[in-house]
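Trainee: Got a predicted structure plus its sequence, pasted below:
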Amino acid sequence: MYNVLKIQADSRLDNSIKTKVKKAKFPFIKTVEEYDFSFQPEVDEKLIKELCNLNFMDDAKNIIFVGPPGVGKTHLAIGIGVKAALQRKRVLFFTTEELMSELIKANISSRLVEYIESLARIDILIIDELGYLEVNKAASSLFFKLISKRYEKKSTILTTNKPFEEWGEIFGDDVVASAILDRLLHHSYPFLISGKSYRMRELFKNTGKNKES
Ligand SMILES: Nc1ncnc2c1ncn2[C@@H]1O[C@H](COP(=O)(O)OP(=O)(O)OP(=O)(O)O)[C@@H](O)[C@H]1O
Ligand SMILES: [Mg+2]
């Protein structure tokens, strides 16, 4: 298994690459090569591989993975993020909950402008798991500021379980939700995945049940 420790120990990689991978704070390392596209045929393999060339970053395009649990949204987000870190790009991974809490903390301690500016310098910001928890009003407006600041300047990779038409429920406000969505989607590659959970496949495999059942 390819993980941060392996990357740290890989003598072919120089220290600046190792630092970039470490600083990205990936919760785990997954590669696009490890993703089984035959299990999730809806995911456009050719496009994902093209995105691994990182040209999307030149135009500050975003990538959005939408789908139910276990279809590999975080896996693919990390896989592309790892490619960028290996090319010495600044990548930073957050769950939505962590990001909102950091934004709120920065705001309370009057560091919001500096904090958003520091996040605006990150080449790829990965925001994972939007939609599992509601985002309160204060956090929604801070998140809007962040997305506006990065709009057309830097790329964001976002994963969500909620279809776009339900984003109003996440932010508790249709107006803010559509302003955020508009900026994220304008130059973006949306991947709508509706397939089966890979976690369930592994569970059925381990318990000897037919994965199709
Ligand atoms: N097509 C796939 N090929 C190989 N591994 C996969 C595939 N899809 C998912 N996985 C693996 O299954 C597990 C769950 O995937 P992942 O965490 O990316 O799901 P997710 O879509 O982010 O789900 P959630 O919405 O619950 O966070 C991970 O270990 C991931 O590596
Ligand atoms: Mg996930």
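Mentor: Done, it's in. Numbering: from 1, shown residues only. Ligands and ions are numbered 1, 2, ... in the order given.
Trainee: Could you give me the buried positions within the helix or strand bottoming out on mean pLDDT in the chain?
Mentor: Each helix and strand of the chain was given a mean pLDDT (mean pLDDT, DSSP states H and E); the minimum falls on helix 4-9 at a mean of 74. Within helix 4-9, the residues that qualify as buried are 4, 7, counting by 16 or more other CB atoms under 10 Å. Placement of C-beta: from N, CA and C, glycine included.
Trainee: Off-centre distance for it?
Mentor: Between the mean C-alpha point of helix 4-9 and the mean C-alpha point of its chain there is a distance of 22 Å (CA atoms, centre = their mean, to the nearest Å).
Trainee: again with stretch 86-99
Mentor: From the chain centre to the centre of stretch 86-99 is a distance of 8 Å (CA atoms, centre = their mean).
Trainee: and that stretch, does that touch ligand 1?
Mentor: No: under the criterion of CB under 6 Å from any ligand atom, ligand 1 is not reached by stretch 86-99; the shortest gap measures 9.3 Å.
Trainee: mind saving the C-alpha coords of that stretch as PDB?
Mentor: Listed in PDB are the C-alpha atoms of stretch 86-99, where the atom choice follows Å, rounded to 0.1, in the frame of the first residue of the first chain:
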ATOM      1  CA  LEU A  86       4.100  15.100  -6.500                       C
ATOM      2  CA  GLN A  87       4.500  17.900  -9.000                       C
ATOM      3  CA  ARG A  88       5.300  20.200  -6.100                       C
ATOM      4  CA  LYS A  89       1.900  22.000  -6.100                       C
ATOM      5  CA  ARG A  90       0.500  23.300  -2.900                       C
ATOM      6  CA  VAL A  91      -2.400  21.000  -2.000                       C
ATOM      7  CA  LEU A  92      -4.500  21.100   1.200                       C
ATOM      8  CA  PHE A  93      -7.100  18.600   2.300                       C
ATOM      9  CA  PHE A  94     -10.000  19.500   4.600                       C
ATOM     10  CA  THR A  95     -13.200  17.900   5.600                       C
ATOM     11  CA  THR A  96     -16.000  20.500   5.300                       C
ATOM     12  CA  GLU A  97     -16.400  20.300   9.000                       C
ATOM     13  CA  GLU A  98     -12.700  21.100   9.700                       C
ATOM     14  CA  LEU A  99     -12.700  23.900   7.100                       C
END
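Trainee: averaged over its residues, what pLDDT does that stretch have?
Mentor: Along stretch 86-99, the predicted local confidence has a mean pLDDT of 97.
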